[in-house]
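[1] Provide a 3D model corresponding to the input given below.
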Amino acid sequence: MINYTLYRNENSEQWVTFVHGAGGSSSIWFKQIRDFKKDYNVLLLDLRGHGESKTTLKTAFKQKYTFSALANDILEVLDHLKIEKSHFVGISLGTILIRQLAEMYPDRVQTMILGGAILKMNFRSQILMRLGNTFKYVLPYLVLYKFFAFVIMPKKSHKQSRSLFITEAKKLYQKEFIKWFKLTAEINPVLKWFRQVELNIPTLYVMGEEDYMFLPSVRKVVESHYKSSQLFVIEKCGHVVNVEQPNAFNTAVLCFINNTK
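    Just a heads-up that it's a prediction; the model follows:
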C-alpha cells in the first residue's frame with residue numbers, strides 16, 4: 001500500500017484527501033494542513049515511488065503504470081481506513097488521478113478541488129512530452145525535470161514552487177521517473193474524455209492567472225461543465241497554486257467545501 005499520513009479531527013466525520021503531482025510528495029501540502037485539520041479529518045498520500053512510498057522489488061517489476069492503477073492505489077488506502085467518501089484536493093498531475101478515481105468510483109468522491117488542473121496538453125506541452133520521450137533514457141531525469149519545471153513555472157515569482165518540486169524529484173529513482181513519464185502516452189485520450197464528460201460531482205478548479213499552459217483549456221471546460229464546475233483564478237500566481245498563494249488557495253477551497261457539505 002502507498003504511504004499515507006493522517007490528521008484526525010474528533011469533531012468531524014468529513015475527510016479531505018490531498019493528492020500531489022508527479023515528482024512531488026505529500027510534503028507539498030505543508031501550507032494547507034493547519035487550516036484544514038481545524039474542521040476536517042485530513043489524509044495525505046504519497047503516490048507510488050514518491051515521498052515515503054518507496055518502490056519495492058515486487059512493484060519494481062510490475063507492468064507499466066496506468067491512471068487506473070494509480071487511482072486504485074488511492075482507493076486501497078480509503079478502503080483500508082474505512083473512509084466511505086472524501087473531498088479530494090489535487091495539484092497538477094494529481095488532478096488527473098482524482099478525476100480518474102471519480103470516473104471509476106463516483107460514490108467515493110464528495111467534491112473535487114483541482115489546483116493547477118491539467119485538462120489539455122497545449123502545443124508547447126506536446127513538444128515537451130516528445131522531447132522527454134526522446135531523451136528519457138539518455139539524459140539524467142533531473143536534467144529533464146528541471147527543464148520541465150522552468151517551462152511550466154518560468155517566472156521569478158515561481159521560484160519557490162520550482163525549488164520544492166526539484167527537491168522532491170531528487171528522491172525519485174531514474175527508473176521510477178521513466179515509468180511515470182510513460183504515462184504521457186495515454187494522457188491525450190484520457191484528457192479528451194474528461195473534457196467531454198461532465199460528472200455530477202461538485203468541482204472547483206483553482207488556477208493561477210500565470211498558468212499559461214493549462215488555464216485556457218480549464219476556462220473552456222468550466223464553461224461547458226457549468227452544472228458541476230466553478231473556476232477560481234488567483235492573481236499573480238503560477239501553476240502550483242497551493243504553494244505560491246496558500247492563503248488564497250486555502251480560503252477558496254475551504255469556502256467551497258463548507259458550502260457543499
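[2] now for the helix or strand encompassing residue 34, which elements pack on it?
    Per DSSP states H and E: residue 34 is located in helix 33-37. Contact here means 3 or more C-beta pairs under 8 Å, 6 or more residues apart in numbering; DSSP states H and E; on that basis helix 33-37 packs against strand 4-7, strand 41-45, helix 246-259. To be clear about C-beta, it is placed using only N, CA and C from the backbone, and glycine gets the same treatment.
[3] ranking the ones you listed by burial, who's on top?
    Stretch with highest mean neighbour count among these: strand 41-45 (a mean of 24; mean count of other C-beta atoms under 10 Å).
[4] burial measure for residue 82, as a count.
    Using other C-beta atoms under 10 Å, residue 82 has 6 neighbouring residues.
[5] quick revisit: and the helices and strands packed on helix 33-37: which comes nearest residue 179?
    Closest to residue 179 of the helices and strands packed on helix 33-37, according to C-beta to C-beta: strand 41-45, at 17.6 Å.
[6] Show me what that closest one pairs with in its sheet, parallel or antiparallel.
    In the sheet, strand 41-45 lines up against strand 4-7 (antiparallel), strand 15-19 (parallel) (DSSP bridges).
[7] now those strands as TSV including mean pLDDT and distance to residue 216?
    Shown next, in TSV, are these (pLDDT from 0 to 100; distance: least, C-beta to C-beta, whole Å):
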stretch	mean pLDDT	distance to residue 216
strand 4-7	97	34
strand 15-19	98	23
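[8] so can I have TSV of those showing distance to residue 201?
    Listed next are the strands paired with strand 41-45 as TSV, based on distance: least, C-beta to C-beta, whole Å:
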stretch	distance to residue 201
strand 4-7	22
strand 15-19	14
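[9] mind checking which of these is nearest residue 182?
    Closest of the strands paired with strand 41-45 to residue 182 is strand 15-19, at 19.6 Å (criterion: C-beta to C-beta).
[10] contact partners of that closest one?
    By C-beta atoms under 8 Å, 6 or more residues apart in numbering, the surrounding residues in contact with strand 15-19 are 26, 29, 32, 36, 40-45, 47, 74, 78, 83, 85-91, 94-95, 97-98, 257.
[11] Please apply the same query to stretch 68-84.
    By C-beta under 8 Å, 6+ apart, the residues outside stretch 68-84 that reach it are 1-2, 4, 6, 15, 17, 19, 43, 45, 47-48, 86, 97, 100-101, 104-105, 108.
[12] Residue 202 reaches residue 114, doesn't it?
    No: the pair residue 202 and residue 114 fails to qualify as a contact (C-beta atoms under 8 Å) at a distance of 11.5 Å.
[13] out of those two, which sits in the more crowded spot?
    Just comparing residue 202 and residue 114: by other C-beta under 10 Å the higher neighbour count belongs to residue 114, 26 against 19.
[14] could you measure the residue nearest to the more buried one when sequence neighbours are not counted against residue 117, distance?
    Closest residue to residue 114 apart from its sequence neighbours, by C-beta to C-beta, 6 or more residues apart in numbering: residue 95 at 3.9 Å. For residue 95, the distance to residue 117 equals 4 Å [C-beta to C-beta, to the nearest Å].
[15] Also residue 33?
    Plainly put, residue 33 is 22 Å away from residue 117 if you go by C-beta to C-beta.
[16] The two: who's more crowded?
    Neighbours were tallied for residue 33 and for residue 117 using other C-beta under 10 Å; the higher tally belongs to residue 117 (33 against 15).
[17] what kind of secondary structure is the more buried one in?
    Put simply, residue 117 is coil when judged by DSSP: H, G, I helix; E, B strand; the rest coil.
[18] Would you confirm that it contacts residue 218?
    Yes: in this structure, residue 117 is within contact of residue 218 by C-beta under 8 Å, at 5.4 Å.
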